[in-house]
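**Student:** got a predicted structure here, sequence first:
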Amino acid sequence: MARFSIHAKKNMKKVNKLNFKKTLSKFTTGVTVVCVKNNDVILGKTVNSFNSLSLNPPMVLFSLGNYSSSINKYMFSKYLTINILSKKQKKISDNFALKRPNLKNIDFFDGKYKTVLIKGCIANLECKLINKIKKGDHVVFICEVLNISKNDNLKPLMYFNSRYK
Ligand SMILES: Cc1cc2nc3c(=O)[nH]c(=O)nc-3n(C[C@H](O)[C@H](O)[C@H](O)COP(=O)(O)O)c2cc1C
């Protein structure tokens with residue numbers, strides 16, 4: 001027979017903006033930088049809402065706040081790259097979380113679809129943006145993965161409780 005604890009029931013609180021954010025921060029993620037290139041202008045954004053979606057065909061997803069200053073640049077890109085950061089790339093993560101990231105010290109390499117990828121990552125994905133879904137205050141980006149690379153010798157940068165791990 002199932003046993004219910006009164007204590008557990010009492011612990012459940014009605015969700016609000018603050019406790020929602022704090023509770024989701026208990027989910028450990030990796031950290032990526034999503035890059036787009038439009039007319040030779042490179043944009044990058046630190047993103048941890050990245051996840052795998054489908055194996056066949058290979059698809060991934062991530063979401064961006066619809067309040068972001070660059071949301072339209074991402075929405076209207078055909079191709080983009082997702083760069084999964086290594087533990088050594090904390091500074092790159094901080095940089096691309098800025099409103100105006102500094103691109104001068106970032107080592108990029110070219111993808112096959114006029115994209116740019118970040119060197120020294122634990123993995124890089126070159127993707128085609130195939131769908132965008134507006135939900136709540138975010139836009140979900142669904143991408144087909146076209147080209148990939150990985151480095152087995154690096155450790156991942158992780159994010160937990162609003163801090164790097
Ligand atoms: C570890 C980390 C993960 C983040 N993940 C996301 C994300 O998944 N989606 C998002 O829209 N912003 C995310 N951000 C915030 C953006 O990187 C960036 O700070 C914000 O978009 C900057 O505002 P702007 O887009 O108006 O320039 C994250 C920031 C950090 C530090």
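**Tutor:** That came through, no problem. Numbers count the residues shown, from 1 in each chain.
**Student:** for this structure, where's the lowest mean pLDDT among helices and strands?
**Tutor:** helix 6-11 (a mean of 70; mean pLDDT, DSSP states H and E).
**Student:** need the next SSE after it, C-terminal direction.
**Tutor:** Downstream of helix 6-11, the next assigned helix or strand under DSSP states H and E is helix 17-24.
**Student:** so what's the residue most central in space within the chain bridging to?
**Tutor:** Centroid check for the chain by Cα atoms, centre = their mean gives Val47 as the closest residue, at 2.9 Å. Beta-bridge partners for Val47, by DSSP bridges, are Thr32.
**Student:** I'd guessed it sits against Val33; true?
**Tutor:** Yes. Between Val47 and Val33 there is a contact under Cβ atoms under 8 Å: 7.0 Å. C-beta: built from backbone N, CA, C; applies to glycine.
**Student:** quick one: Leu129 and Leu64, what's the gap?
**Tutor:** Distance, Leu129 to Leu64, by Cβ to Cβ, to the nearest Å: 12 Å.
**Student:** shared neighbours, those two?
**Tutor:** Listed contacts common to Leu129 and Leu64 are Phe141; contacts here mean Cβ atoms under 8 Å, 6 or more residues apart in numbering.
**Student:** which residues touch Lys128?
**Tutor:** Residues near Lys128 by Cβ under 8 Å, 6+ apart: Lys78, Tyr79, Tyr113, Cys143, Glu144, Leu146.
**Student:** and with 10 Å instead?
**Tutor:** Contacts of Lys128 were listed using Cβ atoms under 10 Å, 6 or more residues apart in numbering, and they are Met59, Ser77, Lys78, Tyr79, Leu80, Tyr113, Thr115, Cys143, Glu144, Val145, Leu146.
**Student:** may I have the phi/psi pair for the first one?
**Tutor:** Recorded main-chain torsions at Met59 are phi -140, psi 150, according to degrees, to the nearest 10.
**Student:** return every residue with contacts to both of Val47 and Val33.
**Tutor:** Ile82, Asn83, Ser93, Phe96, Ala97.
**Student:** going by distance to the ligand, which of these wins?
**Tutor:** For the shared contacts of Val47 and Val33, the residue nearest the ligand by Cβ to the nearest ligand atom is Ala97; the value is 3.8 Å.
**Student:** so where is this structure shaky, pLDDT-wise?
**Tutor:** Scanning the chain for pLDDT under 70 picks out the ranges 1-9.
**Student:** can you list the residues of it near the ligand?
**Tutor:** Proximity of the chain to the ligand, by Cβ under 6 Å from any ligand atom, involves residues 31, 45-49, 62-65, 68-70, 93, 97, 99, 159.
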